[in-house]
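> fold the following.
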Amino acid sequence: MAIEPAVKRTIVFVDGQNLFHAAKDCLQYTYPNYDPLALAQLICTRQGWQLDQVCFYTGIPHPRRDAPWHGFWSNKLAQMGREGVVCCHRPLRYRKERVELADGSMEYVTVKEEKGIDVRIALDVIRLARQRKYDVAVIVSQDQDFAEVASEIRDLAAAQHRWIRIASAFIHENNAFPRGIRDTQWLPLTKADYDSCIDTRDYRPKSPAQLPLIPPS
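Numbers count the residues shown, from 1 in each chain. Okay, the predicted model is just below:
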């Protein structure tokens, strides 16, 4: 049987858009106001784990399509990078979708899609486990697709004859689906937890037309 390490090296993987939408739905926050590093520190301190690294992932708008929000994310990611957070971002994809309006007529609208982020998170969780970089992986997300990653990590731990834990952190308060990722250790976060990790810095581009604090649609 693998021996549980006394010091548990931990990497926290933050799915930025999943966290934002959870904060919007559960706590009514209207823009990505979280501090991923502070949130990771809170999680690890509470569990008695050693935080070794924070990895953050998000899609960002194209500058020609949405310059204010591209500027917001560029500034926020740059600050996180200066604090030692490993940031991974992908450009949002745009496609036309035909929707029915209230009067029964049809209209084409532009839909933004985040592509490749979940795959990148999954690959990094597995890659860093293979490299023996952590004992605990925390995925800040409720995306059940990551349950397959949890299964892969258990197989990898058995092959490496070592102790590995995979956990998922998520907003629990006012959550219609208060569940973590299947087959992981669940780490629920309250509104008080989230509020203690709010980033109060203003990342809006400094221009005559200031970006309102509302999320991109």
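
> from here on, contacts and neighbour counts on C-alpha atoms
Fine.

> just checking: what are the partner strands of the helix or strand that Val138 is a member of?
Using DSSP states H and E, Val138 sits within strand 136-140. Neighbouring strands of strand 136-140 in its sheet, by DSSP bridges, are strand 9-15 (parallel), strand 165-171 (parallel).

> closest to Cys55 out of the ones you listed?
Cys55 lies closest to strand 9-15 among those, at 4.8 Å (Cα to Cα).

> list the buried residues in that closest one.
9-15 (16 or more other Cα atoms under 10 Å).

> one more: stretch 157-176?
Buried residues in stretch 157-176 (16+ other Cα under 10 Å): 157, 162-173.

> biggest separation within those residues, which pair?
The widest separation within the buried residues of stretch 157-176 (Cα to Cα) is 34.5 Å, between Arg162 and Glu173.

> and Gln131, how many residues sit next to it?
Gln131 has 8 neighbours, counted by other Cα atoms under 10 Å.

> same question, Asp202
12.

> ok, back up a step: what sits up against the strand holding Val138?
8-15, 19, 125, 164-170 (Cα atoms under 8 Å, 6 or more residues apart in numbering).

> ok, now with 6 Å
Residues from elsewhere that reach strand 136-140 (Cα atoms under 6 Å, 6 or more residues apart in numbering): 10-15, 164-169.

> so Arg162 touches Pro5, yeah?
No. In this structure, Arg162 is not within contact of Pro5 by Cα atoms under 6 Å, at 9.1 Å.

> for the contacts of strand 136-140, which one is nearest Ala78?
For the contacts of strand 136-140, the nearest to Ala78 is Val14 (15.9 Å; Cα to Cα).

> if we can go back for a sec, can you redo the strands paired with strand 136-140 as JSON lines with mean pLDDT?
As requested, those are exported to JSON lines (pLDDT from 0 to 100):
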{"stretch": "strand 9-15", "mean pLDDT": "98"}
{"stretch": "strand 165-171", "mean pLDDT": "97"}
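
> nearest to Lys206, out of the ones you listed?
The minimum distance between Lys206 and the strands paired with strand 136-140 falls on strand 9-15, with 26.9 Å, by Cα to Cα.

> run the chain-centre distance for the closest one.
9 Å (Cα atoms, centre = their mean, to the nearest Å).

> between strand 136-140 and the very next helix or strand once past it, find me the angle.
Note on strand 9-15: by DSSP H and E, the next helix or strand toward the C-terminus is helix 16-27. Counting by axes from the mean of the first three to the mean of the last three Cα atoms, to 10 degrees, helix 16-27 lies at 60 degrees to strand 136-140.

> mind listing what the nearest residue to Leu19 once chain neighbours are set aside touches?
Ranked by Cα to Cα, 6 or more residues apart in numbering and with sequence neighbours excluded, the top spatial neighbour of Leu19 is Ser141, at 6.3 Å. Going by Cα under 6 Å, 6+ apart, Ser141 touches 15, 18, 170.

> got JSON lines for the buried residues of stretch 157-176, with distance to Thr190 too?
Formatted as JSON lines, those follow (distance: Cα to Cα, whole Å):
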{"residue": "Ala157", "distance to Thr190": "31"}
{"residue": "Arg162", "distance to Thr190": "32"}
{"residue": "Trp163", "distance to Thr190": "29"}
{"residue": "Ile164", "distance to Thr190": "26"}
{"residue": "Arg165", "distance to Thr190": "22"}
{"residue": "Ile166", "distance to Thr190": "20"}
{"residue": "Ala167", "distance to Thr190": "17"}
{"residue": "Ser168", "distance to Thr190": "14"}
{"residue": "Ala169", "distance to Thr190": "11"}
{"residue": "Phe170", "distance to Thr190": "9"}
{"residue": "Ile171", "distance to Thr190": "6"}
{"residue": "His172", "distance to Thr190": "6"}
{"residue": "Glu173", "distance to Thr190": "5"}
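
> please consider this matter closed, and thank you.
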